[in-house]
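In: give me a model of this one.
(one chain, ligands or ions: 1)
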Amino acid sequence: CRCRLSCHVKRHYSLLPGKFSYWSPKVDSVHLDSPINSCVYRIRNIGIMAHIDAGKTTTTERMLYYAGYTRALGDVDDGDTVTDFMAQERERGITIQSAAVTFDWKSHRINLIDTPGHVDFTLEVERALRVLDGAVAVFDASAGVEAQTLTVWRQAEKHHIPCVCFLNKMDKPAANFCIESIRQKLKANPVLLQIPVGSGKNFTGVVDLLTSQKLMWKMKSMRDDGRAFEVKALDRSDDPDLLQVVSDARTALIEQVADLDDEFAELLLTDFSENFDAIPSNKLQEAVRRVTLARKGVPVLCGSSLRNKGVQPLLDAITAYLPAPNERHHDVVRWYKDDLCALAFKVLHDKQRGPLVFLRIYSGTLKPQTALHNINRNSTERMSRLLVPFADQHVEIPSMTAGNIALTVGLKQTVTGDTIVSSKASAAAAARRAQNDSEAGKRSRECASVILSGVEVPDPVFFCTIEPPSMSKQADLENVLNCLQREDPSLKVRVDPDSGQTILCGMGELHIEIIHDRIRTEYGIETHLGPLQVSYRETILHEASASDTLDRTVGERRHVVTVELAVGPVDIASVGGSCELAVTEELEGQLSAEMKEAVENGVHSSFLQGPLLGYPLQSVSTLMQRVTIEPGTSPAMVSACVSRCMLKALRLAGGQVLEPVMSLEVTVGDDHLSSVLGDLAQRRGTVRDIQSRHDNKVLLATVPLAEMMGYSTVLRTLTSGNATFSLELDTYEAMNPQEQNTLLKRLSGLL
Ligand SMILES: Nc1nc2c(ncn2[C@@H]2O[C@H](COP(=O)(O)OP(=O)(O)OP(=O)(O)O)[C@@H](O)[C@H]2O)c(=O)[nH]1
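Out: Coordinates of the predicted model:
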């Protein structure tokens with residue numbers, strides 16, 4: 001099945017020279033062994049996830065190098081890695097956008113998505129996880145399980161993604177084999193497959209517990225790329241302590257796997273009952289694979305990417321233990337049989353070609369120059385070109401089959417999360433199959449949807465105004481913001497109805513800063529950002545009713561409408577913070593569809609602007625009691641009257657400001673702990689726990705977002721740069737009356 005098409009491919013599907021404006025100095029040439037159709041069971045769609053700075057990018061670079069796709073090792077500290085190709089990423093040394101990379105390793109096709117670790121970009125991780133079949137969790141072995149790892153681990157669990165753990169940075173003096181921390185904090189079941197040889201700067205290799213072989217990197221110089229390493233069976237000449245540790249660990253591994261996998265237990269008890277140790281390594285490997293796929297355990301490997309040790313066995317583990325696309329279950333896909341069904345999981349904007357859409361193909365075949373149907377937008381558009389993504393380079397190909405990740409050119413309306421199929425008729429056929437199945441009583445109607453579930457976009461917590469350098473650039477800026485929004489659904493742009501100013505809403509300070517930078521560097525527009533502000537919410541304290549009549553003559557036409565309604569607070573727990581609208585049964589029968597929509601529009605626009613400060617409302621229910629409309633009244637007037645009446649009722653109901661409260665985790669040395677605590681007390685922070693991690697303390701707290709502006713600079717000063725932190729939205733909490741008053745005065749310019 002291994003179709004060696006590389007020559008053919010090189011002749012016909014050359015790289016697109018200079019068409020993509022990104023820079024990539026070290027990519028020699030892309031030679032995928034079979035870029036068209038790898039057998040599905042040899043494909044691995046993999047993500048790398050971790051806490052910031054755990055070494056994801058360094059590990060990815062090593063993988064690309066050993067797989068033969070780069071000819072020099074990239075270094076995040078020198079800013080020349082392949083996957084971090086945007087200018088900001090190179091400058092800051094962090095991964096902002098997931099870049100998809102396709103390469104082959106030992107007859108397997110690996111589609112790898114490098115995901116960012118900073119919490120401001122959690123959506124990027126979520127987006128990537130949605131389309132992955134497996135993941136590698138990279139840990140800094142000297143830090144163990146950190147905050148962001150926990151967050152992404154939970155996300156991976158949500159999508160039932162089997163994982164392999166890689167304990168990186170084993171060369172650091174404080175590195176330790178943090179198995180317990182994986183067990184306790186991640187509530188995972190680590191399956192230890194390797195034992196490190198040496199520690200700290202004497203870390204020289206690993207022992208593979210399946211084969212009892214020693215893999216040693218005997219570096220001749222600091223520049224040694226680690227490509228060559230020695231593989232040798234352990235024997236009596238080896239250190240007796242190591243032999244003992246390996247023997248114990250192998251026995252423990254065999255027992256653990258037998259506990260988790262019945263097939264393996266049976267084999268052990270029948271064919272190898274005399275000597276468990278004689279079990280062949282391939283049988284053990286097959287069992288570890290079953291355990292990993294069933295998510296009963298996670299294989300754990302270790303190494304040091306920076307020092308070029310341990311990455312090749314990690315690549316082997318990806319192919320050996322993580323699932324192929326056909327081993328994963330996707331409910332919706334079966335309705336499409338062999339027809340095309342794909343999910344758009346990322347949009348990038350290329351200045352010359354317009355939007356580039358990343359698609360994960362679940363069934364069928366994708367071909368360029370064909371029309372595709374977007375179910376979510378109910379539109380059909382033409383895909384002009386089909387590419388294999390290789391960081392910032394792309395190889396053009398004539399078709400792509402299920403299981404792969406493709407990059408398409410020409411889809412202008414598609415946004416992240418849309419389901420793409422071959423035609424409207426194919427969507428209808430899938431819907432019919434789903435319908436028949438649900439009618440046959442096999443499953444509920446909800447499950448019979450033919451749309452792949454998209455990506456949930458969290459609400460942004462920060463916002464600020466953005467202005468072009470001159471009015472003549474306003475249209476350009478709007479265009480740029482549209483492009484950026486299609487790429488990044490966590491960025492929201494709106495226009496303030498009172499001031500007419502454009503408002504940027506984002507997930508954090510860094511997020512907004514990066515957007516600002518990109519507008520300048522990629523699109524050449526110098527914009528001015530207003531001060532960063534916190535996105536509050538509002539709710540009401542009591543129930544209240546109001547009525548209102550609008551009687552207005554516009555030109556020849558008289559519009560008369562009367563509205564009566566009641567509002568009340570609802571329990572956050574029961575509605576998850578959203579607002580509700582109900583209409584009395586009597587009224588439901590009286591209103592035409594058009595007028596009902598006008599009423600709903602009026603209520604929903606009031607939900608977007610609370611009565612106190614104009615922030616969106618949370619946990620408010622509205623009951624529409626009476627709406628009388630004189631003939632000739634336009635729907636717009638009905639909406640206007642409903643909004644006015646809502647405002648009246650909301651004011652009577654007493655407003656309450658809700659502020660975003662973040663969960664904060666700070667890792668800091670003992671000597672700086674008290675100054676960090678002192679500073680936190682001044683920020684209205686509440687300390688939840690202080691844990692020890694090696695020589696450091698980990699401080700867990702909640703703190704209002706409003707108090708956290710510029711925190712990274714303050715923390716750096718307080719601790720001379722010896723602390724790291726992560727911040728994530730926890731909840732919205734009611735402000736006390738005193739704080740609320742101060743805020744109201746400050747925002748209305750009285751303070
Ligand atoms: N000592 C040591 N340092 C490492 C190792 N791997 C990576 N680093 C360093 O750790 C830092 C972060 O590495 P990255 O590869 O950028 O980490 P990342 O997880 O991709 O970071 P983000 O993209 O910002 O989330 C860099 O300074 C690397 O040189 C390792 O094995 N040992």
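In: list the contacts of K283.
Out: F264, L267 (CB atoms under 8 Å, 6 or more residues apart in numbering). C-betas here are computed from N, CA, C, even on glycine.
In: let's see it at 10 Å
Out: L210, V257, E263, F264, L267, L268, D271, F272 (CB atoms under 10 Å, 6 or more residues apart in numbering).
In: report pLDDT for the third one.
Out: Pointing back at E263 there. As predicted, E263 sits at a pLDDT of 94.
In: can you give the contact residues for the helix or strand containing it?
Out: Assigned by DSSP states H and E, E263 falls within helix 262-270. Residues outside helix 262-270 that contact it (CB under 10 Å, 6+ apart) are 254-255, 257-259, 261, 273, 276, 279-280, 283-284, 286-288, 290-291.
In: going by neighbour count, list what's buried in that helix.
Out: Buried residues in helix 262-270, counted by 16 or more other CB atoms under 10 Å: F264, L267, L268.
In: now the helix or strand that it is followed by, how far from the centre of its chain.
Out: Per DSSP H and E, the first helix or strand lying C-terminal to helix 262-270 is helix 281-293. Helix 281-293 sits 29 Å away from the centroid of its parent chain (CA atoms, centre = their mean, to the nearest Å).
In: now for the helix or strand just after helix 281-293, which elements pack on it?
Out: Next along the chain after helix 281-293, taking DSSP H and E as the criterion, comes strand 298-302. Where contact means 3 or more CB pairs under 10 Å, 6 or more residues apart in numbering; DSSP states H and E, strand 298-302 is packed against strand 134-140, strand 163-168, helix 179-185, strand 190-192, strand 194-197, strand 205-208, helix 281-293, helix 311-321.
In: strand partners of the shortest one, parallel vs antiparallel please.
Out: Sheet pairing for strand 190-192, assigned by DSSP bridges, gives strand 298-302 (parallel).
In: buried residues, the host helix or strand of T549. List them.
Out: Applying DSSP H and E as the criterion places T549 in strand 544-554. For strand 544-554, a neighbour-count test (16+ other CB under 10 Å) marks A544, S545, A546, D548, L550 as buried.
In: can you give me the strands for the stretch 401-550 of the chain?
Out: 405-409, 419-421, 462-467, 492-495, 502-506, 528-529, 533-534, 537-540, 544-554 (DSSP state E, counting those that start in this stretch).
In: number of residues surrounding the closest residue to V627 other than its chain neighbours?
Out: Nearest residue to V627 in three dimensions, chain neighbours excluded: V563, at 5.4 Å (CB to CB, 6 or more residues apart in numbering). For V563, the neighbour count with other CB atoms under 10 Å is 26.
In: any idea what V563 is bridged to?
Out: D548, V627.
In: that one and M646: what is the separation?
Out: 9 Å (CB to CB, to the nearest Å).
In: mutual contacts of those two, please.
Out: Going by CB under 10 Å, 6+ apart, residues that sit against V563 and also against M646 are A546, D548, G602, M624.
In: what sits against the closest residue to the last one other than its chain neighbours?
Out: The spatially closest residue to M624, leaving aside those adjacent along the chain, is V583, at 4.6 Å (CB to CB, 6+ apart). If you count contacts by CB under 10 Å, 6+ apart, V583 has them with 565, 589-591, 596, 599-600, 603, 622-625, 627.
In: check what pLDDT V583 gets.
Out: For V583, the model assigns a pLDDT of 89.
In: can you report phi and psi for it?
Out: Backbone dihedrals for V583, given as degrees, to the nearest 10, come out at phi -130, psi 140.
In: what is the neighbour count of R109?
Out: By other CB under 10 Å, neighbour count at R109 equals 26.
In: run through the bridge partners of it.
Out: I43, D104.
In: pull the CA atoms of stretch 705-722 into PDB?
Out: Taking C-alpha atoms only, stretch 705-722 is exported to PDB below (Å, rounded to 0.1, in the frame of the first residue of the first chain):
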ATOM      1  CA  LEU A 705      -9.200  41.200  36.400                       C
ATOM      2  CA  ALA A 706      -9.400  45.000  36.800                       C
ATOM      3  CA  GLU A 707      -6.500  44.800  39.300                       C
ATOM      4  CA  MET A 708      -4.300  42.800  37.000                       C
ATOM      5  CA  MET A 709      -3.300  45.300  34.300                       C
ATOM      6  CA  GLY A 710       0.400  45.300  33.700                       C
ATOM      7  CA  TYR A 711       0.900  42.500  36.200                       C
ATOM      8  CA  SER A 712       3.700  40.800  34.200                       C
ATOM      9  CA  THR A 713       5.900  43.900  34.600                       C
ATOM     10  CA  VAL A 714       5.200  44.300  38.300                       C
ATOM     11  CA  LEU A 715       5.800  40.700  39.000                       C
ATOM     12  CA  ARG A 716       9.100  40.800  37.100                       C
ATOM     13  CA  THR A 717      10.200  43.800  39.200                       C
ATOM     14  CA  LEU A 718       9.100  42.300  42.500                       C
ATOM     15  CA  THR A 719      10.900  39.000  41.900                       C
ATOM     16  CA  SER A 720      13.800  40.100  39.800                       C
ATOM     17  CA  GLY A 721      12.300  38.000  37.000                       C
ATOM     18  CA  ASN A 722      12.200  34.800  39.000                       C
END
